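Enquirer: just to be clear, the model below is a prediction. Sequence and coordinates:
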Amino acid sequence: MMLFSQARGLPVLTLTDADEIGVLKSLTVDAPSGVVTHVRVRGRHSRKESVLAWGALHAIGPDAVLVRSAAAPSEVPPHHELPGLRILAETGDELGTVQDVVFEPETGRIEAVRTAHGDLPSDRLLGLGDYALVVRAG
Amino acid sequence: MNELMAARSLTTLPVVTLGGEAVAQVKDTVFDAAAGRVTGFTLSGRGLLSGPLKLSLPWAAVHSLGHDAVMIVDAGALADTPVVVARREAQQGRVLHAKVLTDEGAEVGTVLDVVVEGGTSGRVVGFRIAAGKALVQGSRRRRHRVYVPRGETLAVSGRALVIPADATRYVADDLPSFAARVGAFHEGREGTPP
């Protein structure tokens, strides 16, 4: 189990030559399937953000992220930053904001979305957009 | 029972898809000719500088009406404005400021706002009215604004609404207590009135 807030800021290194390409900036989530699909890395020198597909990662450990290849994925989905985003139930009622996200670092599967009112299990996630994270009424 | 909302408070409510995108905001709520239910919403763009949209939202496309947003499945649910506005021109402005009479012929006040039920029903459950002296006794200087339930049978013309006389026994001062009164009103009509 790992939190988005713990993963943020981890150094990202290539597995083959231990070259530090930057730090983990954010994780892109596909809400309906409840998985992390991409990660965003801020470059160490250029400060430019690059995107890596989840499949390019070798491991997310407590102290570093190791990647197999730093090649950019062919298709980059729009990124919506989860922490801080408002949560709407499908009934149209607000349920607060996302405080953190619990995920499995081995698989990228989202376990739960943490809010001030408790955890929302990932099977309640319906959609994620610019305005809100939409969840099934519990 | 779902949460009750005053129709005027729906203005500026965001219209959000289940995918989490806000595509518009509510400009006006449109009712059917008998003021029985919501038939749709006219829309404006989101943000300070955006004007009215050419698209509107028919009630059939509403996934749920909530306290913080009108939820729709996706932006494809929006229809051309004339579909909804045709009904609006028949109705808008006719219920607001209309006199409220009981079926016994007493005038109880004038309509200030329409109270609708949230969720998926879109039912009109009552009205917020500026109460006349017959309904609420007391100082004339205090403006009495109360909620009255809508009867099952409601006659609406351009100038007046006629509600059942027993509805006036279920008035409330605010929306939360009105929700309880509406429930009691419908139970009372099925059984014996209290």
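Expert: That came through fine.
Enquirer: kindly report the domain assignment for chain B.
Expert: What the record gives for chain B is the domain set B:4-91, B:99-190, from automatic domain parsing.
Enquirer: anything in the first one sitting right up against chain A?
Expert: Yes: under the criterion of Cβ under 8 Å from any Cβ of the partner chain, chain A is reached by domain B:4-91 at B:14, B:16-22, B:63-71. Where C-beta positions appear, they are placed from N, C-alpha and C, glycine not excepted.
Enquirer: next secondary structure after the helix or strand hosting A:Leu95?
Expert: Secondary-structure element containing A:Leu95, defined by DSSP states H and E: strand A:94-97. Scanning forward in sequence from strand A:94-97 by DSSP H and E, the next helix or strand is strand A:100-103.
Enquirer: pairing partners for whichever helix or strand comes after that next one, with directions?
Expert: Next along the chain after strand A:100-103, taking DSSP H and E as the criterion, comes strand A:110-115. Strand A:110-115 sits in its sheet next to strand A:100-103 (antiparallel), strand A:118-121 (antiparallel), going by DSSP bridges.
Enquirer: tabulate these in TSV, adding columns for mean neighbour count and mean pLDDT.
Expert: Conversion of the strands paired with strand A:110-115 to TSV gives the following (neighbours: other Cβ atoms under 10 Å in any protein chain shown; pLDDT from 0 to 100):
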stretch	mean neighbour count	mean pLDDT
strand A:100-103	21	96
strand A:118-121	16	94
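Enquirer: narrow the residues of domain B:4-91 next to chain A to those that are buried.
Expert: Buried members of the residues of domain B:4-91 next to chain A, counted by 16 or more other Cβ atoms under 10 Å in any protein chain shown: B:14, B:16-22, B:63-66, B:68-71.
Enquirer: what does residue 15 show for phi and psi?
Expert: Going with chain A. The phi and psi torsions at A:Leu15 (degrees, to the nearest 10) take the values phi -70, psi -40.
Enquirer: residues contacting it?
Expert: Neighbouring residues of A:Leu15 by Cβ atoms under 8 Å, 6 or more residues apart in numbering or on different chains: A:58, A:66-68.
Enquirer: distance of B:Ser44 relative to chain A?
Expert: When Cβ to the nearest Cβ, to the nearest Å is the yardstick, B:Ser44 and chain A sit 16 Å from each other.
Enquirer: just checking, that residue touches B:Leu53?
Expert: Yes: the criterion here is Cβ atoms under 8 Å, and B:Ser44 meets it with B:Leu53 at 5.8 Å.
Enquirer: circling back to that earlier point, would you mind giving the domains of chain B as TSV with mean pLDDT added?
Expert: Rendered in TSV, the data for the domains of chain B read as follows (pLDDT from 0 to 100):
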stretch	mean pLDDT
domain B:4-91	85
domain B:99-190	82
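Enquirer: what pairs with the strand holding A:Leu95, parallel or antiparallel?
Expert: Strand A:94-97 pairs in its sheet with strand A:86-89 (antiparallel), by DSSP bridges.
Enquirer: just how off-centre is the strand it pairs with within its chain?
Expert: Centre-to-centre, strand A:86-89 and its host chain are 18 Å apart (Cα atoms, centre = their mean, to the nearest Å).
Enquirer: quick one: residues in contact with it.
Expert: If you take Cβ under 8 Å, 6+ apart as the criterion, strand A:86-89 is touched by A:94-98, A:113, A:115, A:120, A:131-138, B:16, B:20, B:66, B:68-69, B:71.
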